[in-house]
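S.K.: sequence isn't available, so here's the structure alone:
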């Protein structure tokens, strides 16, 4: 079956694949666009599997707070170029909204979309940390997201009993910048406490 330049363009728009790849896909599938889409997807997933040993230390941290429910999702990429793209940031935000609405397990609903994102962006893309907080009755949830280079790089959710939204927000900001390791005194290992005491005593003597 023959195909036209318009078919190639249509396939490009629907898959994000390059022109030559789209042409080859149509050639290998007798001009059938749906079969060509599947062919491209299978080829793309095979190629993305070869990138599994690469480091992906870049990414974006998406945040959603709605109706006293908060969600944070980290989506990881290899480069800051991909992490800063609208398509990548949009998917991270969509995942965060899904988690807020349905829970952490709901991310599985977008696994096929993530696979397609790997194909289009040609990087090792993985889901990182996923956090969801649903405030108890009467409690308050607020958040802070640190933006750098046009994308979220850090986010904090805080639930408090009593107080105000402003207080919850101030606590979230403090956590984002101070990065405390422990929630309360009871969580601090004894050796860490002793080391800090010794350090403070040495400082006071000087």
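M.R.: Thanks, I have the structure now. Given the structure is predicted, the values throughout are model-derived calculations rather than measurements.

S.K.: helix or strand right after the one helix or strand in the chain whose mean pLDDT sits lowest?
M.R.: Sorted by mean pLDDT, DSSP states H and E, the helices and strands of the chain end with helix 33-49, the least confident at a mean of 75. Remark: after helix 33-49, the chain's next helix or strand is strand 58-66, criterion DSSP states H and E.

S.K.: may I have the strands that pair with that following strand, each with its orientation?
M.R.: If you go by DSSP bridges, strand 58-66 pairs up with strand 69-77 (antiparallel).

S.K.: any idea how far residue 60 is from the residue sitting nearest the centre point of the chain?
M.R.: Taking CA atoms, centre = their mean as the criterion, residue 75 is the residue nearest the geometric centre of the chain, at 2.3 Å. From residue 75 across to residue 60, the span is 6 Å (CB to CB, to the nearest Å). For the C-beta atoms, the positions are set from N, CA and C on the backbone; glycine is no exception.

S.K.: common neighbours of the two, please.
M.R.: 88, 92 (CB atoms under 8 Å, 6 or more residues apart in numbering).

S.K.: ok so, going back, give me the pLDDT value at the residue lying closest to the residue nearest to the centre of the chain once chain neighbours are set aside.
M.R.: Of all residues not flanking residue 75 in the chain, residue 92 sits nearest, at 4.1 Å (CB to CB, 6 or more residues apart in numbering). Per-residue pLDDT puts residue 92 at 96.

S.K.: use 11 as the first number from now on
M.R.: That works, and once the first residue is 11, the last one we named lands at residue 102.

S.K.: kindly confirm my reading that residue 102 is in a strand.
M.R.: No: remark: residue 102 does not belong to a strand; assigned using DSSP: H, G, I helix; E, B strand; the rest coil, it is helix.

S.K.: surely it touches residue 72?
M.R.: Yes: counting by CB atoms under 8 Å, residue 102 does reach residue 72; the two are 3.9 Å apart.

S.K.: identify the contacts common to these two.
M.R.: Residues touching both residue 102 and residue 72 (CB under 8 Å, 6+ apart): 83, 84, 85, 162.

S.K.: now for residue 17: which residues touch it?
M.R.: By CB under 8 Å, 6+ apart, residue 17 lies in contact with 36, 41, 43.

S.K.: same list, the residues you listed, but as CSV with neighbour count and distance to residue 211 please.
M.R.: Listed next are these as CSV, based on neighbours: other CB atoms under 10 Å; distance: CB to CB, whole Å:
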residue, neighbour count, distance to residue 211
36, 24, 75
41, 15, 80
43, 17, 74
